[in-house]
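Participant: this one's sequence-less:
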């Protein structure tokens, strides 16, 4: 049983690295780097779940077609990788729950950094107290091409100028909305994972202990709740 756990733990490491190193949307599967990534992908997925080999091959075949076919194939592959990631997490370490002692500011920051660096399509931060300090601390760690959405409440006047400067310098797409109807703090990655923070993201563990909890069983309901709030929120940027 110990050996099986080690196998799944290693698979989780491989899956997370495949997500981090995924090709761009211009992926056409004809360079050595791209073919090496696909070869690694196939080996990892077959080890995780050999029954979906046919489905994976269909997705890979789309990468040599039109631009729309290419995007569809890459999207299917990334959804499969995120599925594998969450399945392996539950089998090996369970939901990512972390208690951070007071004063361990870097530990808190580093956990958030690891989460958002995995994003390849969309990151949604939900926090009433997002401000300029938050922008400089976290947004540089989000990959190019990822849409960043910030749902704020209290400090929009200081948040917007920092976002404007950062977006201009880094050519990132950042949307900001505000609403009075929320109190919790969440970060959603690619609409496939969600983490709740016990403290504001900019203040995590600074003056009090806090927690970082992965939402699993209630994920669909929480995602829908905040996507609905986002849709009805005031557009600030």
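Facilitator: Arrived safely. These numbers come from a predicted model, not from an experiment. Numbering: from 1, shown residues only.

Participant: okay, CA-based contacts and neighbour counts for the rest of this
Facilitator: OK.

Participant: To what extent is residue 88 buried, counted in neighbours?
Facilitator: If you count neighbours by other Cα atoms under 10 Å, residue 88 ends up with 21.

Participant: ugh, wrong one, residue 233
Facilitator: Number of residues near residue 233 (other Cα under 10 Å) recorded here: 17.

Participant: so it sits right up against residue 178, yeah?
Facilitator: Yes - Residue 233 lies in contact with residue 178 (Cα atoms under 8 Å); the separation is 5.6 Å.

Participant: what's in contact with stretch 89-105?
Facilitator: The contact list for stretch 89-105, computed with Cα atoms under 8 Å, 6 or more residues apart in numbering, reads 5, 8-9, 12, 107-108, 203-216.

Participant: which residues touch the helix or strand where residue 195 lies?
Facilitator: Element membership for residue 195, per DSSP states H and E: strand 193-197. Strand 193-197 is contacted from outside by 184-188, 210-216, 219, 223, using Cα under 8 Å, 6+ apart.

Participant: average pLDDT across it?
Facilitator: Strand 193-197 shows an average pLDDT of 93 in the prediction.

Participant: Sort out which residues of the helix or strand harbouring residue 85 are buried, please.
Facilitator: Using DSSP H and E, residue 85 falls within helix 67-92. For helix 67-92, a neighbour-count test (16 or more other Cα atoms under 10 Å) marks 70-74, 76-78, 80-82, 84-86, 88-89, 92 as buried.

Participant: what do you get for stretch 229-236?
Facilitator: Buried residues in stretch 229-236, counted by 16+ other Cα under 10 Å: 229, 230, 233.
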